[in-house]
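Peer 1: Following is a predicted model, sequence given first.
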Amino acid sequence: MIVDIAEIRAQLATLKAEVGSKAEVSFTVGLDSHSAYVYLAPEGILGKRRLIEHGNSFEECFEKVTTRWRECAESCRAETVKKMALAIIRLTAELGECSDAALRAEFDSTEVSRYGQEACELANKMAANGPFKIVATAGDNTGEN
């Protein structure tokens with residue numbers, strides 16, 4: 001059983017390194033039963049995903065949240081790649097090229113290194129779908145005509 005705060009911090013840091021530098025990871029213990037939990041926000045505290053796993057020990061909480069992270073890691077990666085691809089297209093349109101420095105205004109250097117090549121490939125596929133147009137549809141978005 002881990003009771004050393006340094007060991008807990010080390011395991012949380014390892015998980016954060018796996019998830020990404022924006023991730024927020026913490027372990028909380030309360031006085032009520034089952035009030036121990038590990039909290040993981042992969043995109044940071046302002047991101048939309050939150051993984052919270054309760055348990056009776058750090059190990060139990062940590063194992064649960066790590067398992068859940070690994071189940072959703074692929075969808076998080078795909079979402080980041082898509083956002084980066086759109087940013088590459090936009091930055092290229094605005095600046096004439098997309099530099100790593102410009103991308104780092106929106107993504108951290110780890111993400112740029114990790115996903116940059118894949119995002120470029122996706123951006124090329126997305127941009128190849130042009131010329132773009134807006135197709136008129138009947139009615140408005142409220143469902144009423």
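Peer 2: Perfect, thanks for sending it.

Peer 1: so what does the longest helix seen in the chain touch, helix or strand wise?
Peer 2: Among the segments of the chain that qualify as a helix by DSSP state H, the longest is helix 58-95. Packed against helix 58-95, as judged by 3 or more CB pairs under 8 Å, 6 or more residues apart in numbering; DSSP states H and E, are the following elements: helix 5-19, strand 24-28, strand 36-41, strand 51-55, helix 100-103, helix 109-127. C-betas here are computed from N, CA, C, even on glycine.

Peer 1: Can you say which of the ones you listed is nearest to residue 94?
Peer 2: Nearest of the helices and strands packed on helix 58-95 to residue 94, taken as CB to CB: helix 100-103 at 8.7 Å.

Peer 1: what about the closest residue to residue 22 other than its chain neighbours, neighbour count?
Peer 2: Once flanking residues are discounted, residue 22 sits nearest to residue 44: 4.3 Å by CB to CB, 6 or more residues apart in numbering. Residue 44 is surrounded by 13 other residues when neighbours are defined as other CB atoms under 10 Å.

Peer 1: Not counting residues beside it along the chain, what's closest to the spatially most central residue of the chain?
Peer 2: By CA atoms, centre = their mean, the mean C-alpha position of the chain lies nearest to residue 43, the distance being 4.1 Å. Here the nearest residue to residue 43 in space, its sequence neighbours aside, is residue 22; by CB to CB, 6+ apart that works out to 5.7 Å.
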